[in-house]
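In: Give me the fold of what follows.
(one chain, ligands or ions: 2)
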Amino acid sequence: MAVDAGSIPELDQKKYDADEQVKIICLGDSAVGKSKLMERFLMDEYRPQQLSTYALTLYKHAATVGDKTIAVDFWDTAGQERFQNMHPSYYHKAHACIMVFDVQRKLTYKNLVNWYKELREYRPEIPCCVVANKIDADMKVTQRSFNFGKKQGLPFYFVSAADGTNVVKMFRDMIKRAVEYKQNPSDFMDEVMQELESLSLPGKYSNCRFR
Ligand SMILES: Nc1nc2c(ncn2[C@@H]2O[C@H](COP(=O)(O)OP(=O)(O)OP(=O)(O)O)[C@@H](O)[C@H]2O)c(=O)[nH]1
Ligand SMILES: [Mg+2]
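Out: Ligands and ions are numbered 1, 2, ... in the order given. Prediction:
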């Protein structure tokens, strides 16, 4: 669900009860389909309209990974054409990143290198994947190889927000990887944050009795 400032999100209770909370961000040029992919995954619907994301839309989602309830915050913002690059707070404490390009527009693939560079400046270690969107427009593209990210070992997905191909799989994989990262961060500052969080779990132990 998208959350407007000032509203009380109904998932807040779930978030409070969740075993873990993760933040997943989405990067890529304008109109590659970032918002449509999130809509498809969260609402399982797709409205073909050309409305660019203005500033920031935050989608909240409750997922289950193993036997744990995970509160997922998906951050969606507009691509670079109008904003050049993201505000650092977009990257702050993100646990995974989904990088999207449009298989119909070569430039959006070429620009992945810039997005990836910026991502790694702020979040050197978080899991990331490369997503080729809009394969419904021409299925033949799935026979082509897109090598960006191979060297870095980034998983690659051919998807379509329009017909739903691979969308759920890709998001589920990324939620799982975000949780794994949060539980075992390889970045020093994240390790410290995780340690601090485990020291101050509000309410979790409120029923404990000490003799
Ligand atoms: N054929 C096809 N069109 C798509 C698909 N995904 C998105 N689109 C279209 O691409 C356009 C842009 O989609 P958005 O989701 O708004 O793109 P965005 O990346 O969020 O763009 P910004 O918010 O400007 O950064 C819309 O007209 C969509 O209908 C897809 O899988 N297939
Ligand atoms: Mg958008």
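In: Now for the chain: which helix has the highest residue count?
Out: helix 167-183 (DSSP state H).
In: Would you mind listing the buried residues in that helix?
Out: Buried residues in helix 167-183, counted by 16 or more other Cβ atoms under 10 Å: V167, M170, F171, D173, M174, I175, K176, R177, A178, V179, Y181, K182. From N, CA and C alone the C-beta is placed, and that goes for glycine too.
In: Which of the residues in stretch 59-79 are classified as buried?
Out: 59-61, 63, 65, 70-79.
In: Is there any residue in it that contacts ligand 2?
Out: No: using Cβ under 5 Å from the ion, stretch 59-79 stays clear of ligand 2, coming no nearer than 5.7 Å.
In: Would you mind writing the CA trace of that stretch as CSV?
Out: Output in CSV follows, covering the C-alpha atoms of stretch 59-79 (Å, rounded to 0.1, in the frame of the first residue of the first chain):
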residue,chain,number,x,y,z
TYR,A,59,4.8,1.0,-0.1
LYS,A,60,4.4,-1.1,3.0
HIS,A,61,4.1,-4.9,2.7
ALA,A,62,3.9,-7.8,5.2
ALA,A,63,5.8,-10.8,3.9
THR,A,64,6.5,-14.2,5.4
VAL,A,65,10.0,-15.6,5.2
GLY,A,66,10.3,-19.1,6.7
ASP,A,67,8.4,-18.8,10.0
LYS,A,68,9.0,-15.1,10.3
THR,A,69,6.8,-12.1,9.6
ILE,A,70,8.7,-9.4,7.8
ALA,A,71,7.6,-5.8,7.5
VAL,A,72,8.9,-4.6,4.1
ASP,A,73,9.2,-0.9,3.2
PHE,A,74,9.5,-0.5,-0.6
TRP,A,75,10.8,2.9,-1.6
ASP,A,76,9.9,4.1,-5.0
THR,A,77,11.1,7.4,-6.5
ALA,A,78,11.4,8.9,-9.9
GLY,A,79,14.2,8.1,-12.3
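In: oh, and call the first residue 43 from now on, that's how I've got it
Out: Let's use 43 as the start, then, which means that last one is stretch 101-121.
In: Lovely, talk soon.
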